[in-house]
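Chemist: model this:
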Amino acid sequence: MASDFISNLKNRIQKSKNTTSGLITFSSNNDKNLRLGKCTIEDIMPHLLIYSSLATIDSKEKMWIATSMLVRLLESFTNNLVVMESEIPIGMLGSQEVLHGLYHEPVSEFFSKRTVKNVMSKDLCVIFPNTKVSDMLNAMKKSGRDFALVQNQEGEFSTISARRLLEVGMLCDTQMKVSDMPPKKITTFTKNDTITTIIEKMLTHRTDVLILENTPLFINSQTILEKTSELNYLEATDEFLEAKASSLNLRNGRIIPDNTTIPEVCKIMLGMKHSFIMTQNNVVTPWDLISVLS
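Modeler: Predicted structure coming up:
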């Protein structure tokens, strides 16, 4: 089980006398200490090759069904739906595809008449047990998505996301702190911005999170999808994109000290419903942490 794997890694870390500050994780197949970027998927997460784990949707399903599923899944270990045809993955559907479609067709017909196949991305990243973590992350960066499918020898699939990799990140042997991470440009919004402006910023900057100016409050793509659900997938309004940001459910970001270590941050994020952290000078997502560790 996944919990047994993590327990085993913790025991090995406690026994280790390694005092270097390198970014190191521990292979489950041997006793050698390896840099995370050089580990393979099989090294760090062998349980994914045994227990199939993914959220799927048929390509013919309507977009309101897909959106309702995403509202529940976006903050989980599976942040995209795998689109299936005849039990074969043919694409993926996440918040980016929904927001892009909604931006161009902000009416209830988008949800009631469009099928998943009309909206999905065909750029599906598929990796294998011997794929190196560094190669996987490069593929994720190329696709602009912290999401990949790993296929085992039996042909079954599991999903990997940055949030799922946090359980590996919290076990890395490093004293690196949040303050050591390169500063990230913060994309902000105001309460008077329209939902049109907010979606434009998310798509342009390829981000799921926007910060309310001069506050720890934020919104993410899940916030917008939840709002469409509250409005019965726009059947209750014809002017969704003209609504102000103040009509959305703003969330509070968690603020932590700059001297918090990266493994500690990974552990904190694993216990959060919305994995988004702020410091005095930076904002951090699971993707930022895994990119630094690798």
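Chemist: got a list of what residue 169 touches?
Modeler: 36, 262, 263, 266, 289, 290, 293 (CB atoms under 8 Å, 6 or more residues apart in numbering). Where you see a C-beta, it was placed from the backbone N, CA and C, and this is true even at glycine.
Chemist: Residue 259 now?
Modeler: Applying CB under 8 Å, 6+ apart, we find residue 259 in contact with 177, 178, 179.
Chemist: Can you select the buried ones from those residues in PyMOL?
Modeler: Here is the PyMOL command that picks out the buried ones among the contacts of residue 259, judged by 16 or more other CB atoms under 10 Å:
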select buried, resi 177+178
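Chemist: And the contacts of residue 259, which is closest to residue 233?
Modeler: residue 178 (38.8 Å; CB to CB).
Chemist: Could I get the full set of strands for the stretch 1-150 of the chain?
Modeler: 24-26, 33-35, 56-58, 81-85, 88-93, 126-127, 147-151 (DSSP state E, counting those that start in this stretch).
Chemist: tell me the most buried of those strands?
Modeler: Among these, strand 24-26 has the highest mean neighbour count (mean count of other CB atoms under 10 Å), at a mean of 23.
Chemist: Report the mean confidence score over it.
Modeler: Strand 24-26 comes out with an average pLDDT of 47.
Chemist: re earlier: and the contacts of residue 259 as TSV, adding distance to residue 145, secondary structure and pLDDT?
Modeler: Shown next, in TSV, are the contacts of residue 259 (distance: CB to CB, whole Å; DSSP: H, G, I helix; E, B strand; the rest coil; pLDDT from 0 to 100):
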residue	distance to residue 145	secondary structure	pLDDT
177	28	strand	92
178	24	helix	92
179	28	helix	92
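Chemist: ok, back up a step: with residue 49 as the reference, name the closest of the strands of the stretch 1-150 of the chain.
Modeler: strand 147-151 (7.1 Å).
Chemist: Tell me the helices and strands packed up against that closest one.
Modeler: Applying 3 or more CB pairs under 8 Å, 6 or more residues apart in numbering; DSSP states H and E, one finds that strand 147-151 contacts strand 126-127, helix 133-143, strand 157-161.
Chemist: okay, these, which one's buried deepest?
Modeler: strand 157-161 (a mean of 22).
Chemist: then that strand to CSV, C-alphas only?
Modeler: Below are the C-alpha coordinates for strand 157-161, written out as CSV (Å, rounded to 0.1, in the frame of the first residue of the first chain):
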residue,chain,number,x,y,z
PHE,A,157,-2.6,3.4,-15.9
SER,A,158,-2.2,5.6,-12.9
THR,A,159,-2.0,9.4,-12.7
ILE,A,160,0.9,11.5,-11.4
SER,A,161,0.5,15.2,-10.4
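Chemist: how close does residue 71 sit to residue 81?
Modeler: 11 Å (CB to CB, to the nearest Å).
Chemist: before we move on, what about residue 185?
Modeler: According to CB to CB, residue 185 stands 29 Å off from residue 81.
Chemist: now do residue 288
Modeler: In terms of CB to CB, residue 288 sits 24 Å off from residue 81.
Chemist: which stretches of the stretch 51-200 of the chain have low pLDDT?
Modeler: Across the stretch 51-200 of the chain, the ranges flagged by pLDDT under 70 are 51-52, 75, 77.
Chemist: on that earlier part again, take the strands of the stretch 1-150 of the chain and write them to CSV, including distance to residue 208.
Modeler: Converted to CSV, the strands of the stretch 1-150 of the chain look like this (distance: least, CB to CB, whole Å):
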stretch, distance to residue 208
strand 24-26, 26
strand 33-35, 28
strand 56-58, 20
strand 81-85, 15
strand 88-93, 14
strand 126-127, 22
strand 147-151, 12
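Chemist: Nearest to residue 119 among the ones you listed would be which one?
Modeler: Nearest to residue 119 among the strands of the stretch 1-150 of the chain is strand 88-93; the distance by CB to CB comes to 6.5 Å.
Chemist: Can you dump the C-alpha atoms of the closest one in PDB for me?
Modeler: Extracted in PDB, the C-alpha atoms of strand 88-93 (Å, rounded to 0.1, in the frame of the first residue of the first chain):
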ATOM      1  CA  ILE A  88      -8.300   3.600 -24.200                       C
ATOM      2  CA  PRO A  89      -7.100   7.100 -23.000                       C
ATOM      3  CA  ILE A  90      -7.400   9.600 -25.900                       C
ATOM      4  CA  GLY A  91      -7.000  12.900 -24.100                       C
ATOM      5  CA  MET A  92      -7.400  14.800 -20.800                       C
ATOM      6  CA  LEU A  93      -9.700  17.400 -19.500                       C
END
